[in-house]
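*Asks:* the following block contains a protein sequence and its predicted model.
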Amino acid sequence: MQSDPTRKHLDFHDTHRAMAAMDVNYPDGATTGWHSHPRGQLLYAIEGVMIVRSAEGSWVVPPSRALWLAAGLEHDVKMSGEVKIRTVFIDATAIRHMPAKSCVIDVSPLLRELIVAAVQVPLDYEVGSRDDRLMQLLVDEVRVSDVLPLHLPMPDDQRLKRICEVITAHPSDTSTAGQWAERLHLTTKTVHRLFARETGMSFAQWREQARLLFALRKLANGERIIDVAFDCGYASQSAFTAMFRRHFGKPPSEFYR
């Protein structure tokens, strides 16, 4: 096996079976560097939080969630806290009805245990064996898992990219679409049209999503909710909590439990 954790996955690509699982641990602040996989990847961590970047956008993945990455998508993973990854590579040309796009899914207690158990399955497991059935059940659980709004799409338009970069770096910025339009010598209508075309979201929706993902990273580091709320541009903890609950059905104090 590869001794370099950022290259360990290479040992799991050359297998005749449609699925292979591995474990790898990273220290806080580590990054995998930009890379891709020839198979789809169910990226999950039993501890720590992963911040995943790609040309499609970025995702925040806490231990209660997993990220499905489409085959061939170049991405980089940065670790927040000590991260213990348990990941499954899946040939979506052989295993049908996997998610059509990269997305974050909810991880049920059963799916978590299946992923952990899959790491012990040998690469050459026998078809029809217990190991094979375990892998098939894992796929069934992925198929019925809820897709969650933890994706921040990035635009290609350079004018819009400037807005998004500022919001991402400074989520407390309260500039309106009209103020941004004035700075970029555009009309407010053009800014709204570009956001809809480039990201599939309105300006307000994109900014809220950026703030949400920023908040998840801060909360994962143990920062106080009230401090996170202010850093995200909210006037009060209650306003921030209401937004958070609307997205996840629970307050931020319960999200990582």
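*Replies:* The structure has been received and is ready for your questions.
*Asks:* first vs last residue of stretch 110-130, how far apart are they?
*Replies:* The first residue of stretch 110-130 is 16 Å away from its last residue (C-alpha to C-alpha, to the nearest Å).
*Asks:* how distant is that stretch from the center of its chain?
*Replies:* Relative to the chain's own centre, stretch 110-130 is displaced by 23 Å; criterion: C-alpha atoms, centre = their mean, to the nearest Å.
*Asks:* for that stretch, which positions count as buried?
*Replies:* For stretch 110-130, the neighbour count (16 or more other C-beta atoms under 10 Å) marks 111-112, 114-115, 117-118, 121, 125 as buried. Quick note: C-beta positions are derived from backbone N, CA and C, even for glycine.
*Asks:* same question for stretch 171-181.
*Replies:* 171, 173, 177, 180-181.
*Asks:* farthest pair within these?
*Replies:* Largest separation among those by C-beta to C-beta: Pro171 and Ala181, giving 19.8 Å.
*Asks:* give me the neighbour count for Phe214.
*Replies:* Close neighbours of Phe214, defined as other C-beta atoms under 10 Å, add up to 22.
*Asks:* residues touching it, list them.
*Replies:* 168, 171, 231-232 (C-beta atoms under 8 Å, 6 or more residues apart in numbering).
*Asks:* surely it is in a helix?
*Replies:* Yes - assessed by DSSP: H, G, I helix; E, B strand; the rest coil, Phe214 belongs to a helix.
*Asks:* can you confirm Arg53 is in a helix?
*Replies:* No - the assignment for Arg53 (three-state DSSP) gives strand, which keeps it out of a helix.
*Asks:* helix/strand/coil for the closest residue to it other than its chain neighbours?
*Replies:* Distances taken as C-beta to C-beta, 6 or more residues apart in numbering place Asp76 nearest to Arg53, at 4.9 Å, with adjacent residues excluded. For Asp76, the secondary structure call by three-state DSSP comes out as strand.
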